[in-house]
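Enquirer: sequence first, then the predicted structure, then my questions.
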Amino acid sequence: MTGASTTEGGPVRRSIAVAFAAVGFAALAICGLGVTSLVLDADVITTPGGGQIPGIVGMIVAVSVFAAALAVALRPPHPSFWSAPIVALAVFLLYGGGVAVGAGIAGVDPAAAVAAAGRTLVSWFGVIVAAAAVVAAWAGIALVRTRARRPRWGWEGDEDE
């Protein structure tokens, strides 16, 4: 790999950075929600009769929004780290929408579905989703901006001399 040009960013392609960051976001969010649920001894989404569908749909929406928003944030030649909070805000708001839609799909009353989404967003669970999105978006942006190279042993490249 020779040098990366300034218009392309670092050695990691934008599509690869979005994929890695999206997987990282999903892992951080799911782990964070699980640990927070364990510590607080509370359900992440309390929707009577909703089952697991609201959480599944909410996370699918969150990961999809994360990937789309990060892809847009990575378009400029030198993406800004200030895009990370904007990505997180979009993920946070639409995660709640996904929970409400998922509860509706599960057959929950529309008012109860919106209430469950609101409760999820204003609790620590909403904070965890937003924090995971900020961290993963920052990491995705760093992958593109960084000029780091792969590690090399001292004897590598001797044939060039």
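Expert: Yep, that arrived.

Enquirer: least trustworthy helix or strand in the protein by mean pLDDT?
Expert: Across the helices and strands of the chain, mean pLDDT, DSSP states H and E gives its lowest value to helix 110-121, namely a mean of 91.

Enquirer: quick one: buried residues of it?
Expert: Using 16 or more other Cβ atoms under 10 Å as the test for burial, helix 110-121 gives 112, 113, 114, 115, 116, 117, 119, 120, 121. All C-beta atoms are positioned from the backbone trio N, CA, C, and that covers glycine.

Enquirer: nearest residue to the second one in space, please, no chain neighbours.
Expert: Closest residue to residue 113 apart from its sequence neighbours, by Cβ to Cβ, 6 or more residues apart in numbering: residue 103 at 3.4 Å.

Enquirer: and what of residue 32?
Expert: Nearest non-adjacent residue to residue 32 (Cβ to Cβ, 6+ apart): residue 128, at 4.0 Å.

Enquirer: which residues touch the residue nearest to residue 113?
Expert: If a contact means Cβ atoms under 8 Å, 6 or more residues apart in numbering, then residue 103 has 45, 47, 50, 53, 54, 112, 113, 116, 117 as its contacts.

Enquirer: what's the helix or strand for it?
Expert: helix 83-105 (DSSP states H and E).

Enquirer: off-centre distance for that helix?
Expert: Offset of helix 83-105 from its chain centre (Cα atoms, centre = their mean, to the nearest Å): 11 Å.
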